[in-house]
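Undergrad: this one's structure only:
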């Protein structure tokens, strides 16, 4: 019988058949609408399950799952080592992983204004690998490409700059659904806007996904089990997601109530993780249940253009993390120290999350030091709004705002295809709340309803 072994953090979803009726798993879909991803092994269907992360799975010849057991357990086993020793080990391991993953391939490096891709840029510059870097910015938003261009120039990389235009999603919506199979909403993968340009490049993607989770604090020291539950709920449930999930739960007349069901599910998943340290435990929870079912889903968009490599996903990196003291991982200390040590010029470039500060000055990003920048930035945004050029900060603003976007959105939401799966009154309620109320709180529900509309047409007609 076939055996399927999944990595510690899978970059692809793999599925098996389950002994259950071929029926929609409406409880699972409710969680999907609340969080934007399916939880644990859930899918749209009761008789189809995702294989768990870090597991060995025995399937029969028909594809039914016979047995699943973990081959790796996340743990917290900090060694008594100095920070300098941890930094030395990280440097060696990180650069080895990148070198082995890429071999002699040309490299395509998406650059953001953060730390994960900047850390990769340091290693790639040391390897003297041919690199084409690129960044994209929202039309009318912060110029993330400005930081990326400085990083690329410092490292000697070729650089391309892309602008994410309003409404790019609609002509590519069904193509994106074919790529991610509607296991994620459609407003997050910005790379879809420039998919043809990416295909014209040469090389293997070096992607920085999950570095910000592995190399940062998971939870505050002393957090209780109840605290971890509340943090998990807050982290994974999107704005407006709980309201939409509750509305669907009630419309579908499911037993019990949604919020209790979700909390029970998360408690059970947290209880499976045998780690006492709250920060390490929350990191393990995210890596087991969030990374494979949300972060990994849209990696397929990159893969539709070129092969991908993921240094932070590497099993060896996960195993290393389990042995590093939390105080060294907290607040991105290792990545910051690596960049400063190996490429001080990169460390002097603005850190987007702490702009206008860099890796040497970011600790000054507190009041009153940062008030002049914050006030100036706010005045610039307000001036742009008064001039009829709204400051774009989030991808959904490019997809849902404006007459042309609204027309496309209505076509999908109110097509006959979606009924009676989701009633027109429920759709109208959330659509009208977005149009007349709090756009920020209702953008996620609209995005999930759009996802379900496309899924219903493409995979469930």
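TA: Thanks, I have it. Just so we're clear, the structure is a prediction, and the values are computed from it rather than from any experiment.
Undergrad: shouldn't residue 294 be in contact with residue 184?
TA: Yes: between residue 294 and residue 184 a contact is recorded at 6.5 Å, counting by C-beta atoms under 8 Å. All C-beta atoms are positioned from the backbone trio N, CA, C, and that covers glycine.
Undergrad: hey, what's in contact with both of those two?
TA: Shared contacts of residue 294 and residue 184 (C-beta atoms under 8 Å, 6 or more residues apart in numbering): 36-37.
Undergrad: center of this structure - which residue?
TA: residue 295 (3.7 Å; C-alpha atoms, centre = their mean).
Undergrad: Please report the distance of that residue from residue 331.
TA: When distance is defined by C-beta to C-beta, to the nearest Å, residue 295 is 21 Å away from residue 331.
Undergrad: same question, residue 261
TA: Relative to residue 331, and taking C-beta to C-beta, residue 261 is found at 35 Å.
Undergrad: And the two? Which one has more around it.
TA: residue 261 (17 against 14; other C-beta atoms under 10 Å).
Undergrad: Now that one. Nearest residue, chain neighbours left out?
TA: Spatially, and ignoring its direct neighbours in sequence, residue 261 is nearest to residue 27 (6.4 Å; C-beta to C-beta, 6 or more residues apart in numbering).
Undergrad: pLDDT at that neighbour, what is it?
TA: Looking at residue 27, its pLDDT is 98.
Undergrad: What helices and strands are in contact with the helix or strand encompassing it?
TA: Residue 27 is located in helix 26-35, with elements delineated by DSSP states H and E. Applying 3 or more C-beta pairs under 8 Å, 6 or more residues apart in numbering; DSSP states H and E, we find helix 26-35 packed against helix 241-251, helix 258-271, helix 439-459.
Undergrad: List the buried residues of the first one.
TA: It refers to helix 241-251. Using 16 or more other C-beta atoms under 10 Å as the test for burial, helix 241-251 gives 241-249.
Undergrad: and if you look at stretch 202-213?
TA: Buried residues in stretch 202-213, counted by 16+ other C-beta under 10 Å: 203-211, 213.
Undergrad: Quick one: mean pLDDT over that stretch.
TA: 96.
Undergrad: Other residues contacting that stretch?
TA: By C-beta under 8 Å, 6+ apart, the list of residues contacting stretch 202-213 reads 9, 98, 101-102, 105-110, 112, 114-117, 119-120, 124, 130, 132, 283, 286-287, 291, 295-296, 299, 302-303, 305-313, 332, 335.
Undergrad: For the closest residue to residue 360 other than its chain neighbours, give me its contacts.
TA: Computed as C-beta to C-beta, 6+ apart, the closest residue to residue 360 that is not its neighbour in sequence is residue 347, at 6.1 Å. For residue 347, the contact set (C-beta under 8 Å, 6+ apart) comprises 336, 339-340, 358-360.
Undergrad: From residue 336, how far off is residue 347?
TA: 8 Å.
Undergrad: Among the helices and strands packed on helix 26-35, which comes closest to residue 279?
TA: Among those, helix 258-271 comes nearest to residue 279, with 13.4 Å by C-beta to C-beta.
Undergrad: circling back: I'd like the helices and strands packed on helix 26-35 written out as a markdown table, with distance to residue 217 and mean pLDDT added.
TA: What follows is these, written out as a markdown table (distance: least, C-beta to C-beta, whole Å; pLDDT from 0 to 100):
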| stretch | distance to residue 217 | mean pLDDT |
| --- | --- | --- |
| helix 241-251 | 24 | 98 |
| helix 258-271 | 17 | 97 |
| helix 439-459 | 25 | 93 |
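Undergrad: I'd like to know which of those helices is closest to residue 55.
TA: For residue 55, the closest of the helices and strands packed on helix 26-35 is helix 258-271, at 14.1 Å, according to C-beta to C-beta.
Undergrad: got the angle for that closest one vs helix 26-35?
TA: 90 degrees (axes from the mean of the first three to the mean of the last three C-alpha atoms, to 10 degrees).
Undergrad: tell me the phi and psi of residue 77?
TA: phi -130, psi 70 (degrees, to the nearest 10).
Undergrad: for the chain, which spans come out with low pLDDT?
TA: Confidence mapping of the chain against pLDDT under 70 gives the ranges 1, 139-143, 371-393, 461.
Undergrad: per-domain residue ranges of it.
TA: Split into domains by automatic domain parsing, the chain comes to 83-209+296-364, 378-459.
Undergrad: Pick the most buried one from these.
TA: domain 83-209+296-364 (a mean of 19; mean count of other C-beta atoms under 10 Å).
Undergrad: what's the closest of the buried residues of helix 241-251 to residue 227?
TA: Using C-beta to C-beta, the buried residues of helix 241-251 come closest to residue 227 at residue 242, 19.0 Å.
Undergrad: can I assume that closest one is in contact with residue 259?
TA: Yes: at 6.8 Å, residue 242 counts as touching residue 259 under the criterion of C-beta under 8 Å.
Undergrad: Do you have the strands of the stretch 201-350 of the chain handy? List them.
TA: 204-206, 308-309 (DSSP state E, counting those that start in this stretch).
Undergrad: Make CSV out of these and add distance to residue 83.
TA: Supplementary listing: those in CSV, determined by distance: least, C-beta to C-beta, whole Å:
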stretch, distance to residue 83
strand 204-206, 26
strand 308-309, 28
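Undergrad: now for those, which one comes closest to residue 225?
TA: That would be strand 308-309 among those, by C-beta to C-beta, at 36.2 Å.
Undergrad: Sheet partners, orientation included, of that closest one?
TA: strand 204-206 (parallel) (DSSP bridges).
Undergrad: Give me the phi and psi for the closest residue to residue 405 other than its chain neighbours.
TA: Closest residue to residue 405 apart from its sequence neighbours, by C-beta to C-beta, 6+ apart: residue 167 at 5.3 Å. Residue 167 has phi and psi values of phi 70, psi 10 when expressed as degrees, to the nearest 10.
Undergrad: Residue 167 against residue 403, yeah?
TA: No: the criterion here is C-beta under 8 Å, and residue 167 misses it with residue 403 at 10.3 Å.
Undergrad: And the spatially closest residue to residue 26 that is not a sequence neighbour, how far from residue 29?
TA: Spatial nearest neighbour of residue 26, excluding adjacent residues (C-beta to C-beta, 6+ apart): residue 252 at 4.9 Å. Distance of residue 252 to residue 29, given as C-beta to C-beta: 9 Å.
Undergrad: what do those two both touch?
TA: Joint contacts of residue 252 and residue 29 (C-beta under 8 Å, 6+ apart) do not exist.
Undergrad: More neighbours: which of the two?
TA: residue 29 (24 against 14).
Undergrad: List of residues touching stretch 70-82?
TA: 5, 8, 52, 54-56, 89, 273-277, 280-281, 283-284, 287-288, 315, 318-319, 322-326.
Undergrad: nope, stretch 296-310 is what I was after
TA: Residues from elsewhere that reach stretch 296-310, judged by C-beta under 8 Å, 6+ apart: 9-13, 37, 98, 101-102, 105, 108, 176, 179-180, 183-184, 188-189, 191-192, 195, 198-199, 201-207, 209-210.
Undergrad: Over to stretch 335-342?
TA: For stretch 335-342, the external contacting residues (C-beta under 8 Å, 6+ apart) are 83, 87, 90-91, 94, 115-116, 118-119, 122-123, 126, 211, 215, 346-347, 359-360.
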